[in-house]
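Chemist: show me the folded form of this:
(one chain, ligands or ions: 1)
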Amino acid sequence: MKVVTTPAEIQMLAGQYRSKGLIIGLVPTMGWFHEGHLSLMREARKKADKVIVSLFVNPMQFGPAEDLDSYPYDLDRDCKLAEEIGVDLLYAPAKGVMYPQKFATTVHVEGLTSGLCGESRPGHFDGVTTVVAKLFNQTLPHFAVFGEKDFQQLAVIRQMVADLDFPIEIIGHPIVREDSGLAMSSRNTYLKDNEMAAAHSLSKGIELAKTLVKNNRGISVQQLIERVSEDVTSHRKCDIDYIEIVDKNTLDPCKQVSVDSVLVMAVKINGRIRLIDNSILIAC
Ligand code: AMP
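Modeler: From the prediction side, this is the model:
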């Protein structure tokens, strides 16, 4: 596996692959790989001749009071894990080459970015779409794989790709969970032993909601949100950022539960660790 650190070099290599007719698959990440990331890489490996994984802790998508400085990072560790999957290129640019001093462009998607994480993390999605647009132009992929863990992000990227005519297929990949149900996340490394029960309240809340829907198809959206919220806040270490039931395509709040309804949630544990999770409520 080759490690590349500059836009010029990755673009040149990607151009060479393309001129040979090779299919390029991209997996954008912020590193500190876990099984969730690795599953996206395996998915890309199945479909691509050349798999490129980007590793960039993107300052533009972090708010001033967020965890940019403490975000876990270990390039050697991640290189070993990516190499085991059979990744061809690991692209790990430095902040300065991604955002040189005179950088002045922002990619902004209207609408889908206004609620949920967009509301509690102002500017977050502008950072995401700007960096992903740059990564697309640098790595020239035919397709890119994103996790459904970041449900809103996936919807926003799909919108950007459609609006800006990127000739790139966007593939969504299901959430990978610990045996306990906890959605895997690089931020889980922040959790102390005495915070694990609170962290599990997200996936437990999702299971509760699914069971309630299964047993009572007529249950209202409001009742569901109330029951899940009660459950989550029974842990005193949990502060709800949002718990909502939204349409999987538009992200608009659902009036009633249907096959298109997704429960989405963000919860802060001990005021320090913001975790997100989501699930479709009715399995097809
Ligand atoms: P991150 O490094 O957290 O920015 O995530 C990089 C990519 O991995 C994003 O597309 C995420 O949605 C995806 N991802 C993160 N955690 C998981 C997970 N538990 N299961 C599936 N995909 C994930």
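
Chemist: which residues in the stretch 51-200 of the chain form strands?
Modeler: 89-91, 143-147, 169-173 (DSSP state E, counting those that start in this stretch).

Chemist: the ligand: which of those is closest?
Modeler: Of all the strands of the stretch 51-200 of the chain, it is strand 143-147 that lies closest to the ligand, at 2.3 Å by C-beta to the nearest ligand atom. The way it works is simple: take the backbone N, C-alpha and C, and place the C-beta from them, glycine included.

Chemist: which neighbouring elements make contact with that closest one?
Modeler: With contacts defined as 3 or more C-beta pairs under 8 Å, 6 or more residues apart in numbering; DSSP states H and E, strand 143-147 has these neighbours: strand 24-29, helix 35-47, helix 151-163, strand 169-173.

Chemist: buried stuff in stretch 203-223?
Modeler: Neighbour counts over stretch 203-223 (16 or more other C-beta atoms under 10 Å) mark 203-206, 208-210, 212-213, 219, 221 as buried.

Chemist: apologies, that question was intended for stretch 269-284.
Modeler: 269-270, 273-281.

Chemist: in this structure S229 contacts I240, no?
Modeler: Yes. Assessed by C-beta atoms under 8 Å, S229 is found in contact with I240 at 6.0 Å.

Chemist: can you show me the helices along the stretch 1-150 of the chain?
Modeler: Ranges of helices within the stretch 1-150 of the chain are 7-19, 35-47, 75-85, 95-98, 117-120, 124-139, based on DSSP state H, counting those that start in this stretch.

Chemist: deepest of the ones you listed, which one?
Modeler: helix 124-139 (a mean of 22; mean count of other C-beta atoms under 10 Å).

Chemist: orientation of that helix relative to helix 151-163 in degrees?
Modeler: If you take axes from the mean of the first three to the mean of the last three C-alpha atoms, to 10 degrees, helix 124-139 sits at 50 degrees to helix 151-163.

Chemist: what's the distance between helix 124-139 and the middle of its chain?
Modeler: Distance, stretch centre to chain centre, for helix 124-139: 13 Å (C-alpha atoms, centre = their mean, to the nearest Å).

Chemist: contact partners of it?
Modeler: For helix 124-139, contacts defined as C-beta atoms under 8 Å, 6 or more residues apart in numbering pick out 7, 10-11, 14, 24, 26, 28, 52, 54, 56, 58-63, 91, 98, 105-109, 112-113, 117-118, 144, 152-153, 156-157, 160, 164, 166, 168.

Chemist: recalculate using a threshold of 7 Å.
Modeler: 7, 10-11, 14, 24, 26, 28, 52, 54, 56, 58, 60-61, 63, 91, 98, 105-109, 113, 117-118, 153, 156-157, 160, 166, 168 (C-beta atoms under 7 Å, 6 or more residues apart in numbering).

Chemist: ramachandran angles for V257?
Modeler: The phi/psi pair for V257 (degrees, to the nearest 10) reads phi -80, psi 130.

Chemist: circling back to that earlier point, can you redo the strands of the stretch 51-200 of the chain as CSV with mean neighbour count, mean pLDDT and distance to the ligand?
Modeler: Formatted as CSV, these follow (neighbours: other C-beta atoms under 10 Å; pLDDT from 0 to 100; distance: least, C-beta to the nearest ligand atom, whole Å):
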stretch, mean neighbour count, mean pLDDT, distance to the ligand
strand 89-91, 24, 98, 13
strand 143-147, 22, 99, 2
strand 169-173, 17, 98, 6
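
Chemist: quick one: which of these is nearest D76?
Modeler: strand 89-91 (11.0 Å; C-beta to C-beta).

Chemist: related to what we said a few turns ago, as a markdown table, the helices of the stretch 1-150 of the chain with distance to the ligand would be great.
Modeler: Conversion of the helices of the stretch 1-150 of the chain to a markdown table gives the following (distance: least, C-beta to the nearest ligand atom, whole Å):
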| stretch | distance to the ligand |
| --- | --- |
| helix 7-19 | 18 |
| helix 35-47 | 2 |
| helix 75-85 | 10 |
| helix 95-98 | 15 |
| helix 117-120 | 12 |
| helix 124-139 | 9 |
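
Chemist: quick one: which of those is nearest M265?
Modeler: helix 117-120 (10.5 Å).

Chemist: show me what the closest one is packed up against.
Modeler: helix 124-139 (3 or more C-beta pairs under 7 Å, 6 or more residues apart in numbering; DSSP states H and E).
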